[in-house]
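Q: Dropping the sequence and predicted coords here.
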Amino acid sequence: MQTRSAQRCFGGNLGFHSHVSEALGGLDARFGVFVPDGVDAASPAPALYALAGLTCNEETFATKSAVLRLAADHRLVMVFPDTSPRGAGIPGEDADWDFGTGAGFYLDATEAPWSAHYCMGSYVNDELPTLVEANFPVRPDRRGIMGHSMGGYGALALGLSDPTRWHSVSAFAPICHPSDVPWGRKAFSAYLGPDRASWAAHDPTLLLRAGKVHPTTLLVDQGEADQFLDEQLRPDRLEQAAAEAGQSLTLRRHAGYDHSYWFIQSFIADHIEHHSRLL
Ligand SMILES: N[C@@H](CCC(=O)N[C@@H](CSC=O)C(=O)NCC(=O)O)C(=O)O
């Protein structure tokens with residue numbers, strides 16, 4: 001692991017690091033970690049992973065969400081992964097802002113040529129926690145996951161898939177039913193292939209319909225003036241599937257708020273309290 005930058009921030013240390021990732025087929029992967037003062041090997045803290053959305057990178061959530069002061073106050077270590085492999089060299093990976101670079105969708109591609117590098121599912125679920133837990137003062141038994149948009153989808157999908165690994169889950173404006181919206185159909189067709197049966201394991205709404213529930217309440221915030229709400233996000237589908245599955249869900253709709261980080265900044269404190277209480 002190589003530290004690319006390190007700064008003091010809100011009485012803690014914020015660093016951005018890189019390493020050669022096995023899950024991403026030997027490419028360099030970047031991530032950020034914030035460690036509040038008072039958290040050390042003798043007194044480790046839970047880690048909260050924050051997944052950013054399409055077009056973002058490992059700096060976006062740390063920089064724009066206003067989460068760091070709150071993480072310091074609640075004594076949570078924050079981990080900020082990148083949103084895709086970088087520089088895989090696959091033809092077309094930089095052609096669209098909603099697919100390829102910056103759009104890894106937190107799953108493991110099974111289709112060539114994407115499967116050689118686009119394995120952000122294994123990366124966020126396994127490789128990065130192993131690396132973080134070996135190099136930072138975090139508790140390996142208490143992890144939370146949150147995210148925005150594509151990252152909100154990732155938080156819900158990974159959290160519902162393995163509640164023993166992710167002990168608290170929340171999302172801002174998540175893509176709730178990717179199999180049935182344009183962003184998700186585009187990514188899943190390429191990364192997972194045309195057989196829609198293989199998509200279900202990566203779709204929060206379909207995971208709930210299949211009986212995958214999380215033992216804690218899922219917290220989801222959604223702006224009603226979000227420009228992507230009706231075409232791409234579909235929280236109504238998640239709400240219905242959660243009700244049918246018996247999944248506890250707090251879904252809050254906020255009049256006037258859009259898809260931006262200004263929306264996230266407005267409600268991030270509630271998410272940090274949610275994770276702090278459960279972790
Ligand atoms: N390419 C468009 C819109 C890109 C965009 O809105 N990205 C969102 C995430 S969308 C779902 O995953 C985002 O978080 N952008 C970063 C930001 O700072 O807002 C464009 O660039 O206009």
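A: Nice, I can see it.
Q: wait, what's in contact with the closest residue in space to residue 71 that isn't next to it in sequence?
A: Once flanking residues are discounted, residue 71 sits nearest to residue 78: 4.8 Å by C-beta to C-beta, 6 or more residues apart in numbering. Any C-beta I mention is one placed from the backbone N, CA and C, and that applies to glycine too. By C-beta atoms under 8 Å, 6 or more residues apart in numbering, residue 78 lies in contact with 32, 33, 34, 47, 48, 49, 50, 62, 67, 68, 71.
Q: I'd like to know which of the residues you listed is nearest to residue 1.
A: residue 33 (10.1 Å; C-beta to C-beta).
Q: which residues sit in contact with that closest one?
A: 14, 15, 17, 77, 78, 79, 80, 132, 136.
Q: Check which helix or strand it maps to.
A: strand 28-36 (DSSP states H and E).
Q: how much distance is there from stretch 54-61 to the middle of the chain?
A: 11 Å (C-alpha atoms, centre = their mean, to the nearest Å).
Q: ditto for stretch 224-244
A: With C-alpha atoms, centre = their mean, you get 17 Å for stretch 224-244.
Q: list the buried ones in it?
A: For stretch 224-244, the neighbour count (16 or more other C-beta atoms under 10 Å) marks 226, 228-229, 232-235, 237-242 as buried.
Q: So which of the contacts of residue 78 sit within helices?
A: Of the contacts of residue 78, the ones assigned to helices by DSSP state H are 62, 68, 71.
Q: Tally up the residues packed near the first one, please.
A: A count of nearby residues for residue 62, using other C-beta atoms under 10 Å, gives 22.
Q: Wait, it touches residue 68, no?
A: Yes. Between residue 62 and residue 68 there is a contact at 6.6 Å, judged by C-beta atoms under 8 Å.
Q: overlap in contacts of the two?
A: In contact with both residue 62 and residue 68: 14, 34, 78, using C-beta under 8 Å, 6+ apart.
Q: Now do the contacts for the first one.
A: Contact analysis of residue 14 by C-beta under 8 Å, 6+ apart lists 6, 7, 8, 32, 33, 34, 62, 68.
Q: And the second one, by the same measure?
A: Applying C-beta under 8 Å, 6+ apart, one finds that residue 34 lies in contact with 9, 12, 13, 14, 15, 62, 68, 71, 72, 77, 78, 80.
Q: The ligand: which of those is nearest?
A: Distance to the ligand across these (C-beta to the nearest ligand atom) is lowest for residue 62, with 12.0 Å.
Q: ok so, going back, what's the farthest-apart pair in the contacts of residue 33?
A: Longest span within the contacts of residue 33, C-beta to C-beta: 14 and 132, 14.1 Å.
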